[in-house]
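J.: structure of the sequence below:
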Amino acid sequence: MSATDGRSSPRTARSSTIMLRAAGRPPDRDGRILHRWLLAARLTERPGSSAYVAGGVVAYANEAKTELLGVRPDLLATHGAVVRPVADAMADAH
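T.: Now for the predicted structure:
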């Protein structure tokens, strides 16, 4: 989001990418993590957004899927990380 108007901008995306790289956590090749973060930022940039956004998790690493969302490690080992059964388990997380 820009400092002046509260909206996301290409500059914000570039700044965020630089910050992630500086922290040793480069964004994935397609920038999908950053895009999800920007979407969450846009959805919650206005006061009162908790009326329509309860929260969210961007779980890209398998460790995040198991620790934050309770996806079974054997499910990941059997099917891989980016498949329907894993997506369903992530969506069913409590």
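J.: is it true that residue 80 touches residue 86?
T.: Yes - between residue 80 and residue 86 there is a contact under C-beta atoms under 8 Å: 7.4 Å. Placement of C-beta: from N, CA and C, glycine included.
J.: care to break this protein down by domain?
T.: Annotated domains of the chain cover 1-56, 59-94 [automatic domain parsing].
J.: need the least confident one among those, by mean pLDDT.
T.: Comparing mean pLDDT across those, the weakest is domain 1-56, with a mean of 67.
J.: show the contacting residues for the nearest residue to residue 70 once chain neighbours are set aside.
T.: Spatially, and ignoring its direct neighbours in sequence, residue 70 is nearest to residue 93 (5.5 Å; C-beta to C-beta, 6 or more residues apart in numbering). Neighbouring residues of residue 93 by C-beta atoms under 8 Å, 6 or more residues apart in numbering: 57, 68, 69, 70, 71.
J.: what's the answer for residue 72, then?
T.: 66, 89.
J.: what about residue 53, helix or strand, and which?
T.: Residue 53 is part of no helix or strand, with elements assigned from DSSP states H and E.
J.: that one is in contact with residue 42, isn't it?
T.: No - Residue 53 lies out of contact with residue 42 (C-beta under 8 Å); the separation is 10.4 Å.
J.: and which of the contacts of residue 93 is nearest residue 36?
T.: The shortest approach to residue 36 among the contacts of residue 93 belongs to residue 57, at 9.8 Å (C-beta to C-beta).
J.: that closest one: neighbouring residues, count only.
T.: Residue 57: 13 surrounding residues under other C-beta atoms under 10 Å.
J.: and the helices in the chain, which stretches?
T.: Assignment of helices within the chain using DSSP state H yields the ranges 10-22, 32-43, 62-69, 73-79, 84-91.
J.: counting by contacts, list what the last one packs against.
T.: The elements that helix 84-91 packs onto, with contact taken as 3 or more C-beta pairs under 8 Å, 6 or more residues apart in numbering; DSSP states H and E, are helix 62-69, helix 73-79.
J.: what residues does that helix touch?
T.: Under C-beta under 8 Å, 6+ apart, the answer for helix 84-91 is 59, 65, 69, 70, 71, 72, 75, 76, 79, 80.
J.: got CSV for the helices and strands packed on helix 84-91, with mean neighbour count too?
T.: Below are the helices and strands packed on helix 84-91 laid out as CSV (neighbours: other C-beta atoms under 10 Å):
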stretch, mean neighbour count
helix 62-69, 15
helix 73-79, 13
